[in-house]
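[1] sequence first, predicted model second:
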Amino acid sequence: MRVAMIGAGYVGLVSGACFAEFGVDVCVVDTEVSKVEALRAGRIPIYEPGLDKLVSENVRDGRLSFTTDLSEAMEGADAVFLAVGTPSRRGDGHADLSYVFAAAEQVARAAKGPLVLVTKSTVPVGTGRQIQELIARVRPDAEIEVASNPEFLREGNAIGDFMRPDRVVIGAESDRAFQVLRRLYRPLYLIETPIVQTGIETAELIKYAANAFLAVKITFINQMADLCEKAGADVHDVARGMGLDGRIGRKFLHAGPGYGGSCFPKDTLALARTAQELGAPATIVEQTIAANDARKEAMAERVIAAMGGSVAGKTIAVLGLTFKPETDDMRDAPSLVVVPRLAQAGATIRAYDPQPSHARQLMPAATHFADSALDAAEGADAVVLLTEWNEFRALSPDRLKATMAGNTVLDLRNAWDPQAFREAGFQYQSIGRP
Ligand code: UDX
């Protein structure tokens with residue numbers, strides 16, 4: 001089988017490389033010449049564990065290629081996937097679909113034989129229908145079936161999520177489209193992956209509903225953590241006690257500084273807007289967005305309060321800047337709110353993140369970038385753990401104490417052992433734990 005993947009971003013690269021690994025011939029197309037040149041030279045523009053190896057092996061075996069030429073990519077393709085960005089539109093939170101429609105139109109114009117045009121990008125419910133209308137307008141003669149096949153890839157674990165998914169969702173309207181997609185995912189039948197076959201609108205909504213539900217779940221446990229602090233309870237045990245109920249499940253019940261990333265913030269906003277416009281407001285999602293935004297601000301205030309109400313002239317080590325570990329993605333990371341607020345309140349920031357990223361451009365100018373966690377902690381009055389990279393988990397409290405000038409630790413990911421830190425002489429605070 002042959003597939004053209006439009007967009008060499010995160011989703012397109014991971015999906016393209018994984019389909020190639022399934023034995024499909026994949027050509028990834030992107031308009032950005034420098035990106036395609038880099039990929040051809042074996043350089044991967046994003047950090048995702050295992051992706052460089054998967055790409056290079058499949059390129060070597062001739063199943064994966066890169067181009068800027070859409071017609072070339074579409075030559076003989078059974079399916080064309082849209083994996084272009086759908087960022088939040090400035091001002092109203094709606095997903096910006098201009099890249100999706102532009103790519104769909106180009107596909108319609110370039111189509112020669114029958115093909116399935118599959119949306120992998122996260123698009124609001126109704127977009128597939130609009131793509132069908134667009135095709136009917138520009139190429140009424142083209143044999144193009146529209147389908148929706150949303151991705152559920154977590155950054156840092158994207159290859160595993162693609163190769164061993166909980167389910168595959170396929171929204172389409174013809175047997176041919178279902179057949180093409182089922183054939184592409186055939187290797188997953190061996191591991192008995194459930195395939196959810198449904199209409200296009202339903203598939204589009206499943207993606208938003210899943211992401212919004214997970215965002216609600218995180219926000220719920222974050223609010224329980226606040227309550228635990230007032231009530232003298234332990235959120236870790238509350239989460240475990242709740243999560244062992246099979247109806248609830250233990251995943252996504254880790255209290256923290258608020259969710260970030262490329263999906264939850266954008267998708268919750270877009271879902272809330274769509275729901276409002278269709279006259280079925282998703283008020284739970286709206287509340288979640290507001291609570292999560294407020295939480296990031298509250299984290300900065302918590303640091304200030306832990307330092308006696310002022311951080312002016314104090315040095316604060318911030319460990320972890322990305323929105324979660326094992327990624328270089330800074331989108332909507334809590335650090336983008338917490339660090340500027342602390343700097344504005346007069347603190348000197350010594351930051352360290354294990355993954356080089358464009359964090360340097362995003363942090364306040366006065367931020368000092370350290371080479372390791374201990375280097376960041378050198379002479380610091382406080383340490384704030386913002387992202388739970390594994391290398392931070394292993395930090396010895398005694399070595400940290402010996403490096404720092406002060407003794408305040410805010411573990412905003414509950415990654416450390418409270419007792420060990422208190423025994424080492426720290427004023428240790430975590431989230432929702434006594
Ligand atoms: C998410 C979805 O999980 C994935 O299916 C998708 O389609 C894209 O969006 P991703 O954004 O990569 O993936 O990361 P995820 O692991 O889901 O974490 C999102 C955010 O929630 C992070 O900021 C993380 O720190 C936070 N989080 C997650 C919590 O605070 N607590 C949790 O229990 C889980």
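    Arrived safely.
[2] could you use CA atoms for every contact and neighbour count after this?
    Fine.
[3] select the helix or strand of the protein having the lowest average pLDDT value.
    Per-element confidence for the chain was summarised using mean pLDDT, DSSP states H and E. The lowest value among helices and strands belongs to helix 359-362, with a mean of 89.
[4] contacts for that one?
    321, 322, 330, 336, 369 (C-alpha atoms under 8 Å, 6 or more residues apart in numbering).
[5] for stretch 394-410, same thing?
    Under the contact criterion C-alpha under 8 Å, 6+ apart, stretch 394-410 has outside partners 303, 306-307, 374, 377-385, 420-421, 424-430.
[6] quick check: residue 70 touching residue 7?
    No - the pair residue 70 and residue 7 fails to qualify as a contact (C-alpha atoms under 8 Å) at a distance of 10.5 Å.
[7] who's more crowded, those two?
    Neighbours were counted for residue 70 and for residue 7 using other C-alpha atoms under 10 Å; residue 7 has more, 24 against 21.
[8] who's in contact with that one?
    Contacts for residue 7 (C-alpha under 8 Å, 6+ apart) come out as 13, 28, 29, 30, 31, 82, 83, 84, 85.
[9] keep only those of those that are in strands.
    By the criterion of DSSP state E, membership of those in strands covers 28, 29, 82.
[10] distance between stretch 109-125 and the chain's centre?
    Here stretch 109-125 is found 23 Å from its chain centre; the criterion is C-alpha atoms, centre = their mean, to the nearest Å.
[11] up against the ligand, what does the protein have?
    By the criterion of C-alpha under 6 Å from any ligand atom, the positions of the chain lying close to the ligand are 151-155, 218, 252-256, 258-264, 323-324.
[12] tell me which of those residues fall in strands.
    Where the residues of the chain next to the ligand are compared with strands, as defined by DSSP E, there is no overlap at all.
[13] and the residue lying closest to residue 200 once chain neighbours are set aside, what are its bridge partners?
    Excluding its sequence neighbours, the residue lying closest to residue 200 (C-alpha to C-alpha, 6 or more residues apart in numbering) is residue 171, at 4.2 Å. Residue 171 has the following beta-bridge partners by DSSP bridges: residue 148, residue 198.
[14] ok, now residue 29?
    residue 6, residue 67.
[15] so it touches residue 5, yeah?
    Yes - with the criterion set as C-alpha under 8 Å, residue 29 and residue 5 qualify as a contacting pair; they are 6.1 Å apart.
[16] any shared contact partners between these two?
    Contact criterion C-alpha under 8 Å, 6+ apart; residues bridging residue 29 and residue 5 by contacting each: residue 73.
[17] circling back to that earlier point, among the contacts of helix 359-362, which lie within helices?
    With DSSP state H as the criterion, helices contain residue 336 from among these.
[18] pLDDT and neighbour count for the contacts of helix 359-362 - can I get that in CSV?
    Below are the contacts of helix 359-362 laid out as CSV (pLDDT from 0 to 100; neighbours: other C-alpha atoms under 10 Å):
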residue, pLDDT, neighbour count
321, 96, 30
322, 95, 30
330, 94, 20
336, 97, 20
369, 96, 18
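[19] let me know the closest of the contacts of helix 359-362 to residue 137.
    Lowest distance from residue 137 to the contacts of helix 359-362 (C-alpha to C-alpha) belongs to residue 330, with 39.3 Å.
[20] please name the nearest non-neighbouring residue to the closest one.
    residue 322 (4.7 Å).
[21] ok, that neighbour - contacts?
    Counting by C-alpha under 8 Å, 6+ apart, the residues that residue 322 touches are 328, 329, 330, 331, 333, 335, 353, 359, 387.
[22] the last one contacts residue 328, doesn't it?
    It stands for residue 387. No - under the criterion of C-alpha under 8 Å, residue 387 is not in contact with residue 328, lying 11.6 Å apart.
[23] where does the stretch 251-400 of the chain get nearest to the ligand, which residue?
    Closest approach of the stretch 251-400 of the chain to the ligand (C-alpha to the nearest ligand atom) occurs at residue 252, with a separation of 3.0 Å.
[24] so who does that residue touch?
    If you count contacts by C-alpha under 8 Å, 6+ apart, residue 252 has them with 214, 217, 218.
[25] retrieve the pLDDT associated with it.
    Per-residue confidence at residue 252 stands at 98 (pLDDT).
[26] what do you get for residue 160?
    Note for residue 160: predicted pLDDT of 97.
[27] where's it, which helix or strand?
    Secondary-structure assignment from DSSP states H and E places residue 160 in helix 158-163.
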